[in-house]
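Q: turn this into a structure:
(2 chains)
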Amino acid sequence: MSPIPNAETHVGSPRSRVDGRAKVTGAARYSGEFTAPDLAHGYVVNSTVAKGRITRLDTAAALAAPGVLEVFTHENRPRTAWFSYNYQDEVGPPGSPFRPLYDDKVVYSGQPIALVVAETFEAARGAASLVRVSYEAEAHETDLKNRMDEAYEPPKKRTGISPPPKPRGDARGAYADAPVKVSGDYWAAYEHHNPMEPHATTVVWEGGGKLLVHDKNQGVLNAQSYIASVFGLGKGDVRVVTPFVGGGFGSGLRPQYQLFLAVMAALELRRSVRVVLTRDQMFTHVYRPNTFQTVRLGANPDGALRSIQQHAIAGTSQFEDHQEVVVNWAGTLYHCDNVELTYKLAKLDTYTPGDMRAPGAPLGLFATESAMDELACATGVDPVEIRLRNYTEKDENENKNFTSKELRACYQVGAERFGWSKRNPEPRSMREGRELIGWGMASGAWEAQMMKTSARATLTADGKLEVACATADIGTGTYTILTQIGADAFGLRMEDVTTKLGDTTLPYSPVQGGSWTAASAGTAVQLACEAVREKLFKHARKASGSPLADVKLDAVSFADGRIEVTADPSRFVRIADAMRAGGVDRLEAEETAKPSMIDQLRYTGYTHSAIFVEVRVDEELGAVRVTRVVDAVAAGKILNPKTARSQVVGGIVWGIGMALEEETMPDHNLGRFMNHNYAEYHVPVNADVQGIEVVFVDEHDTKVSPIGVKGLGEIGIVGTAAAIANAIHHATGKRVRDMPITIDKVLG
Amino acid sequence: MYDFDYHKPSSVADAVKLLSADPDARAISGGQTLLPALKHRLNRPTYLVDLSGIAELRGVKREGDKITVGAMTRHIEVQNSPEVKSAIPALAYMATVIGDIQVRNRGTMGGSVANNDPAADYPSAVLGLGATVVTDKRRIAADDYFQGMFTTALEPGELLVAIEFPIPEKAGYAKMRNPASRYVMAGVFVAKTKDGVRVVVNGAGPGVFRQTDMEQALSANWSPDAVAGIKQASEGLNSDIHGSAEYRAHLVSVMAKRAVTDAG
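A: Model (predicted):
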């Protein structure tokens, strides 16, 4: 099928979010905001020890408190699925998923051990403080440093996560022989996602065993399968509707415990129940793992790499092997014949870590790109030049060509916009007032993926289009880009298109994650629209005296509610007339987009970036300000430069947080996170964010996805922390390999 | 927040009468500390005595060689006062770096000095300039007024009505702000007056204190270099998630140097 040429009016142009007004006026409904008659409220009681057994759970006082309906614990919880695999979900790693209220065992501090359900949230919260718990505590370990000797290669691979490639050449020998060597140990702190919207579930008891569930997640179908499997329900009895998500960042990929608790309570009480986690409780589930790395690079005096060794050890829980791609990135950025990469896990008494924006990549690249900067210093080669000298045109991990790789253009355009050529390579060479100025840069890469996704397009005789897909919009702009694609398919105004998302009754989509949604759902919508256009065109040709009767598909265009001959727009059939000719008042098609198997076997796809950063460091105070950022991104086709820029800026801001501020601090004696609130878990605020410029370099890619899109959700964060660390080195001469780079480390 | 009653007297005498009648009554000025405490149920007053209706507590006056600031004068008014700006520019500058614009529009000098938060700004200026705290009953020298964390010489029922600042030859202030809360991590106020040199540290310890080594050094040689090399001992300084005692001690030397530079 050769599609009808698509005039791009909206696609490729900056467009404001179609859901923007609803969000700023409060009309957009979030999971904890849906309500129902007779809604009961649950409040979670969390464990205060990190490991052990609950010996006594006294709920009498809580049950006697006014308004309390029930207190659920492991002792009285209703029957749920027996086997842990029933709790598995679409993106979970190998292991036994956590089962809330399953038995008396405590496996991490903050574990939910009871749910108090009452007539009001306040009553539930008040009563929760009356639950008395006794424990038999066991010795726990939450300090990665103490478990590194027992680190192991995960025996079972996590689906979708590439393990490190087999060693190539002789990395150790080549390192020993290399005339220039750099080596360092790198730390990255625990980080929590902290979306503005806390995890929340409202279960609407619809009677007749049917549940309508509003749950904060990044994939309604994943939540639906989980509920059905855990509670033994038919999928037809569980509808999950999550139209808006107030930030996911990976925290909503797997079902979180409030979903289980809310559904359990609703089923048992036969009544609607809402469970909302507090900000403190947002620190009692998923997080980015504490990760240790060692990097050794060997090179010739001209900077050409002779050896790359990168080894990572990340924490995981006792019950699951969370995995992410930490050490592999050098193999897609740089040519080197001798490479050894390893990735190990260490068991800690914590909840299972999970995916956080570009899982693995900013950790790995912090180490790789800091080491490349050190190598540039050691050889006296400019940091951009050393990356160009080691540039690879092949993914050397997989020995495949790239679908496209305009990283070279990113280096060039980014350097030019930033004014990199004026940089004096000498550390401490720039100063203004009390502050030292440093310029640093780093490369970024993230997988460009496409997943099997379906979408439906429905065109009505009044010239209105609805496109629908079960995927989420976690704040990324999915509603907007799908609206743009739909509008252009029929030459409509964006106001004439309605996009429906986040509902299990809509066509299949995997979770929104991995930066794959624009490519996947975008292609599915495009295909569904093309199918409707074909149907409509057939009807239009059948209309009596149709000016299109002898015209071929590729000679017409859709504009202004009609199908017209592209070469002679005076010959046209209106949408309404075409429908009338076909005897219909609406046309609908559902199509499924799949990645090309052949292209996937032959090529690897990555989004790339080159990020340039200016920092100013008050040497006496150790305080670092990021004053200027230029990020040049190659991400294939850009559907909407406005929402695309927002995605990249958001990633960069988080990168600033990662580099300088974000750190969840465990108290290893208690096995618990101490700074579980916004007052003490610092994220960048407006005052921390100054000029950020995002440049999209041209990149034409026909293999990565049918619509040429690579995805943008994660590329903004990946190189940012490394670029900041490198800029701090350039400013001060001090190399900090421990994130976040706080004042004490700059001064120390 | 617990329930409480509310009074809004229009004279100091009425306010003092109300405050003396019940030991659990509290005066409220700008509410920048008391309101959050009430919200968190950390305080349970029987009633609040709102001082904002008392005209005699407001305003800035210059009389001879001193500046008098009424207790209910808001930070923004200190910041913009032509009298303060010309006589004690360091005090006007200090007001510009308190909290954020919302805090400066609500918070008052009397409230800050009566509360004596270790991370507050004004106490360092009051002690650093050798000011006099005027209450409804008496006059208290700054050296006798500050008595450690959240503690002052004020008696129950006694109302702070004004602060008299002698106009110095030179004064300067520098602080490291917590980037999130804007509270002082460590600050130093320096002043050269006819009675000598004063160097006062705030934010770093449990309350404001004079740094006598630096005072001696500056008396001999009023220059940033004179204090740059003087190390503050870290013993007894505050240590928390935002900065260790050692870091705060380090900041004292840096801020002292910057305060002298600021004073000129």
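Q: near chain A, which residues of chain B? Just list them.
A: Along chain B, the residues adjacent to chain A under the rule Cβ under 8 Å from any Cβ of the partner chain are B:Met176, B:Pro179, B:Ala180, B:Ile241, B:Gly243, B:Ser244, B:Tyr247, B:His250, B:Leu251, B:Val254. For every residue, glycine as well, the C-beta is placed using N, CA and C.
Q: quick check: the gap between A:Gln484 and chain B.
A: Distance, A:Gln484 to chain B, using Cβ to the nearest Cβ, to the nearest Å: 38 Å.
Q: typo on my end, it should be A:Glu197
A: Taking Cβ to the nearest Cβ, one finds A:Glu197 at 21 Å from chain B.
Q: does that residue touch A:Ser251 like I think?
A: No: between A:Glu197 and A:Ser251 there is no contact under Cβ atoms under 8 Å: 9.9 Å.
Q: the more surrounded of these two?
A: For the pair A:Glu197 and A:Ser251, the greater number of neighbours falls to A:Ser251 (29 against 21), based on other Cβ atoms under 10 Å in any protein chain shown.
Q: how about the residue of the stretch 1-150 of chain B found nearest chain A, nearest residue that isn't a chain neighbour?
A: Of all residues in the stretch 1-150 of chain B, B:Asp100 sits closest to chain A, at 9.9 Å by Cβ to the nearest Cβ. Spatially, and ignoring its direct neighbours in sequence, B:Asp100 is nearest to B:Arg182 (6.3 Å; Cβ to Cβ, 6 or more residues apart in numbering or on different chains).
Q: before we move on, what about A:Lys156?
A: Once flanking residues are discounted, A:Lys156 sits nearest to A:Pro94: 3.7 Å by Cβ to Cβ, 6+ apart.
Q: next up, the contacts around the one you found.
A: A:Pro154, A:Pro155, A:Lys156, A:Lys157, A:Arg158, A:Glu320, A:Asp321 (Cβ atoms under 8 Å, 6 or more residues apart in numbering or on different chains).
Q: just the buried residues from the residues of chain B next to chain A, in PyMOL please.
A: Filtering the residues of chain B next to chain A down to the buried ones (16 or more other Cβ atoms under 10 Å in any protein chain shown) takes a single PyMOL command:
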select buried, chain B and resi 176+179+180+243+244+247+250+251+254
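Q: got TSV for the residues of chain B next to chain A, with pLDDT and secondary structure too?
A: Formatted as TSV, the residues of chain B next to chain A follow (pLDDT from 0 to 100; DSSP: H, G, I helix; E, B strand; the rest coil):
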residue	pLDDT	secondary structure
B:Met176	94	strand
B:Pro179	76	coil
B:Ala180	75	coil
B:Ile241	82	coil
B:Gly243	88	strand
B:Ser244	93	coil
B:Tyr247	94	helix
B:His250	96	helix
B:Leu251	96	helix
B:Val254	97	helix
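Q: can I see the domain layout of chain B?
A: B:5-166, B:170-263 (automatic domain parsing).
Q: would you turn those into TSV with distance to A:Thr471?
A: Output for the domains of chain B, formatted as TSV (distance: least, Cβ to Cβ, whole Å):
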stretch	distance to A:Thr471
domain B:5-166	40
domain B:170-263	36
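Q: return the most buried member of those domains.
A: Across the domains of chain B, averaging neighbours per residue (mean count of other Cβ atoms under 10 Å in any protein chain shown) puts domain B:170-263 on top, at a mean of 20.
Q: give the full set of residues in contact with the residue of the stretch 151-264 of chain B found nearest chain A.
A: Of all residues in the stretch 151-264 of chain B, B:Val254 sits closest to chain A, at 4.3 Å by Cβ to the nearest Cβ. Taking Cβ under 8 Å, 6+ apart, we find B:Val254 in contact with A:Glu620, A:Leu621, B:Met176.
Q: all strands of the stretch 601-748 of chain A, in order?
A: For the stretch 601-748 of chain A, the strands defined by DSSP state E, counting those that start in this stretch cover A:603-604, A:606-618, A:623-634, A:666-667, A:672-673, A:691-696, A:738-739.
Q: helices and strands around the second one, which ones?
A: Using 3 or more Cβ pairs under 8 Å, 6 or more residues apart in numbering or on different chains; DSSP states H and E as the contact test, the elements touching strand A:606-618 are helix A:407-418, strand A:435-447, strand A:623-634, helix A:715-718, helix A:720-732.
Q: try it again with 6 Å
A: helix A:407-418, strand A:435-447, strand A:623-634, helix A:720-732 (3 or more Cβ pairs under 6 Å, 6 or more residues apart in numbering or on different chains; DSSP states H and E).
Q: also the third one?
A: In terms of contacts (3+ Cβ pairs under 6 Å, 6+ apart), strand A:623-634 is packed against helix A:407-418, strand A:606-618, helix A:641-660, strand A:691-696.
Q: make a markdown table out of the ones you listed and add mean pLDDT and distance to A:Ser570.
A: As requested, those are arranged in a markdown table below (pLDDT from 0 to 100; distance: least, Cβ to Cβ, whole Å):
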| stretch | mean pLDDT | distance to A:Ser570 |
| --- | --- | --- |
| helix A:407-418 | 98 | 43 |
| strand A:606-618 | 98 | 44 |
| helix A:641-660 | 97 | 34 |
| strand A:691-696 | 97 | 38 |
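Q: quickly compare these and say which is most buried.
A: strand A:606-618 (a mean of 28).
Q: residues contacting the strand or helix carrying A:Met372, please?
A: In the assignment (DSSP states H and E), A:Met372 maps to helix A:361-379. Under the criterion Cβ atoms under 6 Å, 6 or more residues apart in numbering or on different chains, residues A:180, A:182, A:186, A:188, A:291, A:293, A:295, A:297, A:299, A:301, A:303, A:326-327, A:329-330, A:383, A:386, A:442, A:446, A:717-719, A:721-722, A:725-726 lie in contact with helix A:361-379.
Q: how far out from the middle of the chain is it?
A: 24 Å (Cα atoms, centre = their mean, to the nearest Å).
Q: go on, stretch A:639-649?
A: Worked out by Cα atoms, centre = their mean, stretch A:639-649 lies 15 Å from the chain centre.
Q: pLDDT below threshold where in chain A?
A: For chain A, the stretches flagged by pLDDT under 70 are A:1-6.
Q: most distant residue from the middle of it?
A: A:Gly545 (53.0 Å; Cα atoms, centre = their mean).
Q: what about the helices in the stretch 101-250 of chain A?
A: A:121-128, A:171-177, A:220-231 (DSSP state H, counting those that start in this stretch).
Q: can you redo the strands of the stretch 601-748 of chain A as TSV with distance to A:Ser646?
A: Shown next, in TSV, are the strands of the stretch 601-748 of chain A (distance: least, Cβ to Cβ, whole Å):
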stretch	distance to A:Ser646
strand A:603-604	27
strand A:606-618	16
strand A:623-634	13
strand A:666-667	33
strand A:672-673	30
strand A:691-696	9
strand A:738-739	25
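Q: what kind of secondary structure is the spatially closest residue to B:Lys231 that is not a sequence neighbour in?
A: Closest residue to B:Lys231 apart from its sequence neighbours, by Cβ to Cβ, 6+ apart: B:Ser253 at 6.2 Å. The local conformation at B:Ser253, judged by DSSP: H, G, I helix; E, B strand; the rest coil, is helix.
Q: returning to what we had before: just name the most buried of the helices of the stretch 101-250 of chain A.
A: helix A:220-231 (a mean of 23).
Q: who does that one touch, helix- and strand-wise?
A: strand A:238-240.
Q: my read: A:Gly440 touches A:Glu614, true?
A: No: the pair A:Gly440 / A:Glu614 is not scored as a contact, 8.3 Å apart, by Cβ atoms under 6 Å.
Q: residues near the residue of chain A found nearest chain B, how many?
A: Closest contact between chain A and chain B, by Cβ to the nearest Cβ, is at A:Glu620 (4.3 Å). When neighbours are counted by other Cβ under 10 Å, A:Glu620 registers 18.
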